[in-house]
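Sharing a model that was predicted from the sequence below.
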Amino acid sequence: MPKAKVVEKSHLFLKAIIEGACPSLVNLLRRVLIAELPVMAIDSVVVVNNTSVMYDEMLAHRLGLIPLTTPLQALPPIEDCESGLADPSECTARLTLQVTADGEMTVYSGDLMSERPDVAPVYKDIPIVKLVKGQNITVEAYAKLGRARDHAKWQAALASYYYYPKVEVRDERCRETCQEICENLENPLECTFNKAWTCKDLCGDGLVVEWDRYKYVFWVESFGNYDVETALREAFRILKRKFTVFAESLSQRAAALQQTA
């Protein structure tokens, strides 16, 4: 039975040791976290006025890449938004940007005003464009729920893993040689697999580096759209749905084959 132990956790970051799972399952979780999580992001922009030096297309592109808070508990499941079962207005949010420069200034993500208080820029200090006196930008932006498999602007998190390293020190001189790379050679959370191999290149036979085939150090980092716990809960919900749909498809196929036999 696979098990996991959290070794480091904050609002936007989590690191855990996973043991007893196949690499394919661990990689499946990683791929879901990277590409399948639902996120609100600006998808269309109506440029009412733009007298800045930035082209309308580039302005729209920059707005699309600004991370937005995504209240999953207040939104329909992403599957309902994609299939049309949910009211489109429940899967979208309208934001506006209206700035006229009194002098030289920088327009930031915090200048975006949202009709939904729970859908707003995560970070208020992302620069969008510089204006000089008299220049104006007035736009209407429409954010919708989407997934990173369709565009990177909908990516909610980064996730990765590496095999749990096993290091055996056969020559104590290796500890001094590798001091700058790995302060503690036997600590797999500090001395990662790549660092251990770098030490082995320096020490040769004085250091033995192996890995555990079914044990991993797994980490997730949220971009701030929602916290890392929410990201993991949503990832497991999506995985469960995928497995359910797959099992139902197999059952239907088996039933169809029995009828034709």
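On my side now, so go ahead. Numbering: from 1, shown residues only.

All the helices of this structure, residue numbers only.
All helices of the chain, identified by DSSP state H, fall at 23-35, 56-64, 78-83, 173-177, 193-203, 228-260.

Turn those into CSV, including distance to residue 9.
Quick note: C-beta positions are derived from backbone N, CA and C, even for glycine. Formatted as CSV, these follow (distance: least, Cβ to Cβ, whole Å):
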stretch, distance to residue 9
helix 23-35, 15
helix 56-64, 31
helix 78-83, 25
helix 173-177, 30
helix 193-203, 22
helix 228-260, 7
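
Mind listing what's buried along stretch 242-251?
Buried residues in stretch 242-251, defined by neighbour count with 16 or more other Cβ atoms under 10 Å: none.

ok now it, how far from the chain's centre?
26 Å (Cα atoms, centre = their mean, to the nearest Å).

if you average pLDDT over that stretch, what comes out?
Stretch 242-251 comes out with an average pLDDT of 90.

same question, stretch 195-204
Stretch 195-204 comes out at a mean pLDDT of 81.

contact partners of it?
165, 167, 171, 173-174, 177-178, 181-182, 185, 191, 207-209 (Cβ atoms under 8 Å, 6 or more residues apart in numbering).

make it 10 Å
Outside stretch 195-204, the residues within contact range by Cβ atoms under 10 Å, 6 or more residues apart in numbering are 165-167, 169-171, 173-175, 177-182, 185-186, 188, 191-192, 206-211.

Please apply the same query to stretch 108-118.
40, 42, 62-63, 65-71, 73-75, 92-99, 105, 120-129, 137, 139, 141, 143.

at 8 Å instead, please
Contact partners of stretch 108-118, identified using Cβ under 8 Å, 6+ apart, comprise 63, 66, 69, 71, 74, 93-99, 120-121, 123-128, 141.

what sits opposite the most centrally placed residue in the chain in the beta ladder?
In the chain, the centroid-proximal residue (Cα atoms, centre = their mean) is residue 157; its distance is 1.2 Å. Beta bridges link residue 157 to residue 222, judged by DSSP bridges.

give me every residue that touches it.
33, 34, 37, 220, 221, 222, 223, 228, 231.

Repeat the analysis, applying 6 Å as the threshold.
Contact partners of residue 157, counting by Cβ atoms under 6 Å, 6 or more residues apart in numbering, are 33, 220, 222, 231.

Could you work out the most separated pair of the residues you listed?
Maximum pairwise distance in these, criterion Cβ to Cβ, is 9.3 Å, between 33 and 222.

Neighbours of residue 19, how many?
15 (other Cβ atoms under 10 Å).

Please apply the same query to residue 219.
Neighbours around residue 219, by other Cβ under 10 Å: 18.

Name the nearest residue to it, ignoring sequence neighbours.
residue 15 (4.4 Å; Cβ to Cβ, 6 or more residues apart in numbering).

residues near the one you found, how many?
For residue 15, using other Cβ under 10 Å, the count is 16.

That'll do, ta.
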